[in-house]
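Fold the following, please.
(one chain, ligands or ions: 1)
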Amino acid sequence: MITPPLPYSPHPSDRGKQPPAPTSSGPRLVPFITQRQGEDPAPDNLVLLPHTDGQLHLHYLDEDARDRDPRGVLWARCSFNPCDAHGQPTGRPQWKLMHPYRQMMCMQALRCQICTAPARTPLGLIFLAGPHDHTPGAQVLTNQPPVCARHARTAATLCPHLDGNPKVFLAQSAPLHGVIGTVYGLGAHGVQPVAQPGPPLPYQLPDITCFLASQQTRRLHSHRTLDLDQLLHELDASAA
Ligand SMILES: [Zn+2]
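Okay, the predicted model is just below:
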């Protein structure tokens, strides 16, 4: 049985929705983080409110605890389809999209992006990058949650951006780094997006209080790179 790593329930506006009809085609296994048809951005009601630090902070008017990650950053709202009897989201997969909250759950708790099992292996944490993923600079950052030993090859096959031949990063640690999303501010039309930084924003920056996040990032530390066949060979050897 697949259990979400962190407690969550659909936002109040989603309660009462019926599961979509099962899909009749396509592979049975869909990564937990994949967004499903019918899971859409929820209408926002963003406001900027003064805080005791003298700065304006971004909020939802009807905010609740599920709207922020454990570091307190506001998260983009996206509806949840009901889950099936195995705890997996229902609905046709939208293969190129990650559900913002499920991405954060797996990244935050270092769970496998396919099955939500703890992702740490005897060799370390496995992160996969595609041929078009760039990691400029000295730091290696990723917005792709790890995979467990059982699903390394599955992820390489299922995830379009990995192109079937991922570069494997085997990390001994991967501290949380920051978030990807949009900076909000006050403009002519009230609260509106004012910047969409290309690189992920580190959690420590002051701008984070006006940030609406949609993906969480980790920094790969003490890592080495290898290809998928090498990884599977080393995993087999470590299990022997
Ligand atoms: Zn897995």
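
Could you pull up the residues touching Ala156?
Residues near Ala156 by C-beta atoms under 8 Å, 6 or more residues apart in numbering: Leu128, Leu162, Gly164, Asn165, Pro166, Leu228. Every C-beta, even on glycine, is put in place using the N, C-alpha and C of the backbone.

Of those - the most surrounded one?
Counting by other C-beta atoms under 10 Å, Pro166 has the largest number of neighbours within the contacts of Ala156, with 26 neighbours.

Bridge partners for the closest residue to it other than its chain neighbours, pull those for me.
Using C-beta to C-beta, 6 or more residues apart in numbering and skipping residues adjacent in sequence, the residue nearest Pro166 is Leu128, 4.0 Å away. Listed beta-bridge partners, Leu128: Val168 (assigned using DSSP bridges).

Enumerate the positions of the helix or strand of the chain with the lowest mean pLDDT that are buried.
When the helices and strands of the chain are scored by mean pLDDT, DSSP states H and E, helix 152-158 comes last with a mean of 84. Residues Ala152, Arg153, Thr154, Ala155, Ala156, Leu158 are the ones in helix 152-158 that count as buried (16 or more other C-beta atoms under 10 Å).

Stretch 76-85 now?
Neighbour counts over stretch 76-85 (16+ other C-beta under 10 Å) mark Ala76, Arg77, Cys78, Ser79, Phe80, Asn81, Pro82, Cys83 as buried.

In strands, which of the residues you listed appear?
Counting by DSSP state E, the buried residues of stretch 76-85 place none of their members in strands.

Not counting sequence-adjacent ones, nearest residue to the residue nearest to the spatial centre of the chain?
Among the residues of the chain, the one closest to the centroid is Gln103, at 1.9 Å (C-alpha atoms, centre = their mean). In space, Gln103 comes closest to Ile33 once its chain neighbours are excluded; the distance is 5.0 Å by C-beta to C-beta, 6+ apart.
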